[in-house]
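Novice: show me the folded form of this:
(2 chains)
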Amino acid sequence: MSKTGTAEPVSLSALFTTFFVLGATSFGGGVVAYLREALVTGRGWLDDDEFLGDLELSQTLPGLNATNMSVIVGDRLGGLVGAVVAFLGMTLPGTVVVFVLGVLYGVHGEHPVVNAVLRGIAAAAVGLLLSVTFQIGRKEVSTSLDLVILLVTFLAVGVFHLPLMWALLTLGPASVWLYRPRSNATGSGS
Amino acid sequence: MNQIGTLIRVFALLSLLAVGGGTAVLPALKQHTVDDQHWLTNDQFRDAYSLGQVAPGPNMLMVTVIGYRVAGLLGAVAVTLAFFLPACALALCIGRVWKRFYGSPWRVAIQRGLAPVSIGLMCAGILSLARVAISGVATLVFAAIVFAVPLLRHVHPALLILGGAIGGLLLLRP
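Specialist: The predicted structure follows:
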């Protein structure tokens, strides 16, 4: 039934290199598109179904898509060591860059030019996040129940400042319960 | 080194609460680091976010900047590990178990149910970033343009961030 073991074993150095290149070249978010191109189209390590399955799980779990994907795909291809190697490849380049930027910011953060550039980036980031979230929402929010859950969550956390933990512990299970499997619907394929 | 302990505690918790990714955790991140601990000001929070946007890779590397500001190199390392490792360990464990539930209706229910919650949390995160990033007409116009452009045609997101940087350089200097 499962098709484990059909793929050739992936070398750890190839795994590291692939994720390192991804981690070093994916700017402005949108790591998912790069991931698909590298893992499915480029290397052929995953087929589309495996990729989408791993991606769905990455999105459902807490944590960032990029790092969750690196761990789950790394584990699939190279076990625990593969997961560690892929995670390090994904995060090392950006961490080093952002650390250097943080040090420089500590020295030049008050400079008016630095300040103007960072303010411009932050404003653009708000627009970009809105755009990305709008496009995700257009795909994922398909019923009025979805929209109600989305709005309740947004208002609770964004406007009424309900602590995130309480929002997750109440709204999360409630929403899953609302979408619980109904006995008469389980037979239909999905 | 009490500070390091607090950093690890705060960021490890945030790691496990980041349902919906980094954006979803922004309100809690700001609450803990700016409002509760006073590790940085609103403006510094905004700048840390921007620095994270400039770096490649995962989009929440701002946490490394925050760790550095609070406790230097050790703080940067501690925060980076604390923010990434718990969620990654969870992903590793659940990733192995999850495959056994392939086709389980509850698996579908969990994904289906958490999706609108995640998106709601992301919207709250954008609002909390906007509160510190949008001040005045120019920044509002920047955000509006960057929101609209990807809906009309495909543009590499890095170019939009670069556009924001150039726009800021030209229009936001005092």
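Novice: going forward, measure contacts and count neighbours with C-alpha atoms only.
Specialist: Noted.
Novice: next SSE after the helix of greatest length in chain B?
Specialist: Across chain B, the longest stretch assigned as helix under DSSP state H is helix B:62-98. Next in sequence after helix B:62-98, counting helices and strands by DSSP states H and E, comes helix B:105-133.
Novice: quick check: angle from that next one to helix B:62-98?
Specialist: 170 degrees (axes from the mean of the first three to the mean of the last three Cα atoms, to 10 degrees).
Novice: which strands or helices does helix B:105-133 pack on?
Specialist: When contacts are defined as 3 or more Cα pairs under 8 Å, 6 or more residues apart in numbering or on different chains; DSSP states H and E, helix B:105-133 packs onto helix A:48-60, helix A:112-140, helix A:144-154, helix A:164-178, helix B:21-24, helix B:26-30, helix B:42-54.
Novice: what angle separates it from helix A:48-60?
Specialist: If you take the same axes, to 10 degrees, helix B:105-133 sits at 60 degrees to helix A:48-60.
Novice: could you measure from the spatially most central residue of chain A over to B:Ala24?
Specialist: By Cα atoms, centre = their mean, chain A has its centre lying nearest to A:Asn65, at 1.5 Å. Going from A:Asn65 to B:Ala24 by Cα to Cα, to the nearest Å gives 12 Å.
Novice: sorry, back to before: most packed of the helices and strands packed on helix B:105-133?
Specialist: For the helices and strands packed on helix B:105-133, the largest average neighbour count (mean count of other Cα atoms under 10 Å in any protein chain shown) is found in helix B:21-24, namely a mean of 26.
Novice: pull the CA atoms of it into CSV?
Specialist: Extracted in CSV, the C-alpha atoms of helix B:21-24 (Å, rounded to 0.1, in the frame of the first residue of the first chain):
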residue,chain,number,x,y,z
GLY,B,21,3.5,30.2,10.8
GLY,B,22,5.5,33.2,11.8
THR,B,23,2.9,35.9,10.9
ALA,B,24,0.4,34.3,13.2
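Novice: on that earlier part again, quick one, the longest helix of chain B and helix B:42-54 angle?
Specialist: 60 degrees.
Novice: what residues of helix B:62-98 count as buried?
Specialist: Neighbour-count burial for helix B:62-98 flags B:62-73, B:75-92, B:95, B:98 (criterion: 16 or more other Cα atoms under 10 Å in any protein chain shown).
Novice: same question for stretch A:77-89.
Specialist: Residues of stretch A:77-89 classed as buried: A:77-79, A:82-89 (neighbour count, 16+ other Cα under 10 Å).
Novice: send over it as PDB, restricted to the C-alpha atoms.
Specialist: This file holds the C-alpha atoms of stretch A:77-89, laid out as PDB (Å, rounded to 0.1, in the frame of the first residue of the first chain):
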ATOM      1  CA  LEU A  77      14.700  11.200   2.700                       C
ATOM      2  CA  GLY A  78      17.400  10.700   5.300                       C
ATOM      3  CA  GLY A  79      15.800   9.900   8.700                       C
ATOM      4  CA  LEU A  80      16.700  11.900  11.800                       C
ATOM      5  CA  VAL A  81      20.100  12.900  10.500                       C
ATOM      6  CA  GLY A  82      18.500  14.000   7.200                       C
ATOM      7  CA  ALA A  83      16.100  16.200   9.100                       C
ATOM      8  CA  VAL A  84      18.900  17.900  11.100                       C
ATOM      9  CA  VAL A  85      21.000  18.400   8.000                       C
ATOM     10  CA  ALA A  86      18.100  19.800   5.900                       C
ATOM     11  CA  PHE A  87      17.000  22.100   8.800                       C
ATOM     12  CA  LEU A  88      20.600  23.400   9.200                       C
ATOM     13  CA  GLY A  89      20.900  24.000   5.400                       C
END
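Novice: quick check: mean pLDDT across it?
Specialist: Averaged over stretch A:77-89, pLDDT sits at 96.
Novice: quick one: contacts for B:Ala87?
Specialist: Contacts for B:Ala87 were tallied using Cα atoms under 8 Å, 6 or more residues apart in numbering or on different chains; they are A:61-63, A:68, B:15-16.
Novice: count of residues packed around B:Arg173?
Specialist: By other Cα atoms under 10 Å in any protein chain shown, the residues close to B:Arg173 number 15.
Novice: can I assume it sits in a strand?
Specialist: No: counting by DSSP: H, G, I helix; E, B strand; the rest coil, B:Arg173 falls outside a strand, being coil.
Novice: how close does it sit to chain A?
Specialist: For B:Arg173, the distance to chain A equals 5 Å [Cα to the nearest Cα, to the nearest Å].
Novice: wait, that residue touches A:His111, no?
Specialist: No: counting by Cα atoms under 8 Å, B:Arg173 stays clear of A:His111, with 10.1 Å between them.
Novice: show me what A:Pro62 bridges to in the sheet.
Specialist: A:Pro62 forms beta bridges with B:Val19, as assigned by DSSP bridges.
Novice: touching, it and B:Leu14? I think so.
Specialist: No: if you go by Cα under 8 Å, A:Pro62 and B:Leu14 don't touch, sitting 9.3 Å apart.
Novice: tell me the domain boundaries of chain A?
Specialist: Taking automatic domain parsing as the domain assignment, the record places the domains of chain A at A:8-108, A:109-140, A:142-180.
Novice: again with chain B
Specialist: As recorded under automatic domain parsing, the domains making up chain B are B:2-131, B:134-174.
Novice: pLDDT wise, what is the residue nearest to B:Gly20 when sequence neighbours are not counted at?
Specialist: In space, and not counting its chain neighbours, B:Gly20 is closest to B:Ser118: 4.3 Å by Cα to Cα, 6 or more residues apart in numbering or on different chains. Listed pLDDT for B:Ser118 reads 94.
Novice: need the contact list for B:Ser118.
Specialist: Residues in contact with B:Ser118 (Cα under 8 Å, 6+ apart) are A:150, B:19-20, B:24.
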